[in-house]
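Asker: After the sequence you'll find the predicted model.
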Amino acid sequence: MKSTKKNSNFKAIIFDENSQTVNVENAVDLLADQVETESGVYPLEDAKRYVDEWTGNIYYLFNVSLPEKIEAQNLKKLRRSNALTRMFDYDRNKPIDLFKLIPYIIIIVLIVFGGR
């Protein structure tokens, strides 16, 4: 679930050892097993966690290469996909509509009592 306010004290440091680049990004959403940043979604099992004692910020360090960055961007797009969100969005608490079942009930009654 997406949080309504931005997590300003959580930051992600995306480090690419091959190209020797570092990006520091704000964490948009934190879940039990992943961190969503402005550029992608990264699993927490691959992260090292550091706490800044002066500011209280929590930094997650991810060592990712270019293909992993592209995969993280694709995961973010997939997570935000409307079709995927709607796939599991159904109302379980909605009562059964008996008017939709009336044609089936009529057919069953005609089959049972119509043969005589």
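Answerer: Perfect, thanks for sending it.
Asker: going forward, measure contacts and count neighbours with C-alpha atoms only.
Answerer: Noted.
Asker: I'd like the distance between Y42 and E53.
Answerer: Distance from Y42 to E53, counting by CA to CA, to the nearest Å: 24 Å.
Asker: Check which helix or strand E68 maps to.
Answerer: Here E68 is covered by helix 66-79, with elements defined by DSSP states H and E.
Asker: For Y42, see how far away the residue positioned nearest the centre of the chain is.
Answerer: Centroid-nearest residue in the chain: R79, 4.5 Å away (criterion: CA atoms, centre = their mean). Going from R79 to Y42 by CA to CA gives 12 Å.
Asker: Give the closest residue to K48 in space, chain neighbours not counted.
Answerer: L61 (5.1 Å; CA to CA, 6 or more residues apart in numbering).
Asker: right, and that neighbour touches V51 too?
Answerer: No: using CA atoms under 8 Å, L61 is not in contact with V51; the gap is 11.0 Å.
Asker: More neighbours: those two, which one.
Answerer: Under the criterion of other CA atoms under 10 Å, the comparison of L61 against V51 puts L61 first, with 19 against 13.
Asker: could you list every residue that touches that one?
Answerer: A12, I13, I14, F15, A47, K48, R49, Y50 (CA atoms under 8 Å, 6 or more residues apart in numbering).
Asker: bridging residues for the first one?
Answerer: This points to A12. The bridge-partner assignment for A12, based on DSSP bridges, gives E25, Y60.
Asker: Which pLDDT value goes with it?
Answerer: Note on A12: pLDDT of 89.
Asker: Look up how far L30 lies from it.
Answerer: 11 Å.
Asker: Okay, helices next: where are they in this protein?
Answerer: 66-79, 82-87, 98-113 (DSSP state H).
Asker: out of those, nearest to E25?
Answerer: Ranking these by distance to E25, with CA to CA as the measure, places helix 66-79 first at 13.2 Å.
Asker: which strands and helices sit next to that closest one?
Answerer: Here helix 66-79 touches strand 41-43, going by 3 or more CA pairs under 8 Å, 6 or more residues apart in numbering; DSSP states H and E.
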